[in-house]
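In: Sequence isn't available, so here's the structure alone:
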């Protein structure tokens with residue numbers, strides 16, 4: 001697998017302003033280092049234990065993204081170093097991230113996860129639930145967490161029309177929330193959507209951040 005070549009090819013394809021998160025879950029350190037030495041520094045993991053271990057062992061200027069659904073009792077392990085938590089879908093989780101941010105004297109960035117797919121298995125908020133959180137007094141008191149945007153996963157299907165429709169829905173959710181709660185905040189700017197199978201469509205539909213694994217590292221190996 002030519003990991004360095006794959007990274008360079010992808011970066012040529014992805015337009016300026018779109019962040020490429022190299023999904024390194026289940027991959028060994030040497031694979032991550034190959035991408036790192038090719039100039040890539042943004043990696044995504046979905047298991048806290050693996051993420052903590054890799055963050056300890058690998059170069060300190062790597063920007064780690066947690067792309068799974070974090071359990072509240074495990075946020076403390078990644079709070080000291082995490083760059084962005086993608087899958088936040090409750091006030092309870094936001095409060096825990098805020099608490100751990102405070103302990104570590106830092107503001108932790110996160111994305112609100114929305115349920116845009118037809119599949120029932122994926123986590124996520126709907127627009128009304130998000131507005132209830134963002135409009136609450138409790139949310140306004142969270143000083144050590146920063147919501148930087150939205151995130152969602154399309155249905156796993158070959159139906160491009162459906163994928164586009166779901167990505168458009170997330171873009172519309174982003175616009176609605178931006179206007180209602182973050183209109184003067186430039187930091188609320190991220191729409192994280194698109195993975196190996198649909199990142200090109202996602203970028204066409206306004207994605208600012210794509211999470212790509214198998215195109216870079218090859219198919220995942222599960223132990």
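Out: Everything's here; your move. Owing to the predicted nature of the structure, the values given are computational and were not obtained by experimental measurement. Numbers count the residues shown, from 1 in each chain.

In: what about residue 85, which SS state?
Out: The three-state label given to residue 85 by DSSP: H, G, I helix; E, B strand; the rest coil is strand.

In: bridging residues for the closest residue to it other than its chain neighbours?
Out: Sequence neighbours aside, residue 110 is the residue nearest to residue 85 in space, at 4.2 Å (criterion: C-beta to C-beta, 6 or more residues apart in numbering). In short, each C-beta sits where N, CA and C put it, glycine included. Listed by DSSP bridges, the beta-bridge partners for residue 110 are residue 85, residue 147.

In: you'd agree residue 110 is up against residue 144?
Out: No: Residue 110 is not in contact with residue 144 according to C-beta atoms under 8 Å; the separation is 11.0 Å.

In: Compare these two (neighbour count), which wins?
Out: More crowded of residue 110 and residue 144, by other C-beta atoms under 10 Å: residue 110, with 25 against 17.

In: ok, that one - contacts?
Out: Applying C-beta atoms under 8 Å, 6 or more residues apart in numbering, we find residue 110 in contact with 84, 85, 86, 88, 94, 97, 145, 146, 147, 148.

In: Check what pLDDT it gets.
Out: Per-residue confidence (pLDDT) for residue 110: 98.

In: Likewise for residue 26?
Out: Confidence score, pLDDT, at residue 26: 91.

In: so which helix or strand takes in it?
Out: Following DSSP states H and E, there is no helix or strand that holds residue 26.
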